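Peer 1: for reference, the sequence and a predicted model appear below.
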Amino acid sequence: MSAMRCKFEGEMIRAQRSGAWPAALLRHKDACADCRQALEIAPALRSDAAKLKARAELPPAMQLWAAVQRRQRVSALDRAERVVRVLKGAGLLYAVIFIAWGMRALSAHAGESMLPGLTAKTMTESIAGAGFAAVFVCSGLWYAVRRDKPQID
């Protein structure tokens, strides 16, 4: 069946739906095979349309909007976390390299001066300063690396 072969098909379907049949349409229905076929098929098509509409019911617009905003916030947090993870990794790498370099330098030059003018007294102060720096770097990294639990209000 192609769409609307008879000019009265639309009127026939409306009359069937409403139940009001003018006499002229009743006479035409008896004479037109296309309109009879349309009247046979129309209830099945309406039933299918109602079933599809029930399955394809969209949620309210505000709910969709809230979901989109939530996804955008999660995506922005993921991007920010990626940068923080890279910085944490770089900080940890710095700490490991600093400690390894310090241990190697101290073991290689335990008895002799590493730099001209570096005496035993200044060497002790330098080691103390490097130790303080390592403590501060490690404590800063600890705060950066640890995972804070979100506080529930």
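Peer 2: In hand now; what should we look at?

Peer 1: phi and psi next, for residue 8.
Peer 2: Residue 8 adopts backbone torsions of phi -100, psi 0, taken as degrees, to the nearest 10.

Peer 1: count the neighbours of the nearest residue to it once chain neighbours are set aside for me.
Peer 2: The shortest distance from residue 8 to any non-neighbouring residue, by CB to CB, 6 or more residues apart in numbering, is to residue 28 (5.4 Å). Every residue, glycine included, has its C-beta placed from N, CA and C. For residue 28, the count of nearby residues is 17 (other CB atoms under 10 Å).

Peer 1: and the helices in the protein?
Peer 2: 9-18, 23-31, 33-55, 61-108, 120-145 (DSSP state H).

Peer 1: how far does the first one sit from the chain's center?
Peer 2: Looking back up the chat, that one is helix 9-18. Chain-centre distance of helix 9-18: 48 Å, with CA atoms, centre = their mean, to the nearest Å.

Peer 1: run the angle between it and helix 33-55 for me.
Peer 2: Orientation check (axes from the mean of the first three to the mean of the last three CA atoms, to 10 degrees): helix 9-18 against helix 33-55 gives 60 degrees.

Peer 1: repeat for the fourth one
Peer 2: The directions of helix 61-108 and helix 33-55 differ by 40 degrees, with the same axes, to 10 degrees as the criterion.

Peer 1: quick one, helix 61-108 and helix 120-145 angle?
Peer 2: Using the same axes, to 10 degrees: helix 61-108 against helix 120-145 is 160 degrees.

Peer 1: distance of the most centrally placed residue in the chain from residue 77?
Peer 2: The C-alpha lying nearest the average C-alpha coordinate of the chain belongs to residue 71 (CA atoms, centre = their mean; 4.1 Å). For residue 71, the distance to residue 77 (CB to CB, to the nearest Å) stands at 11 Å.

Peer 1: with residue 101 instead?
Peer 2: Distance of residue 101 to residue 77, given as CB to CB: 36 Å.
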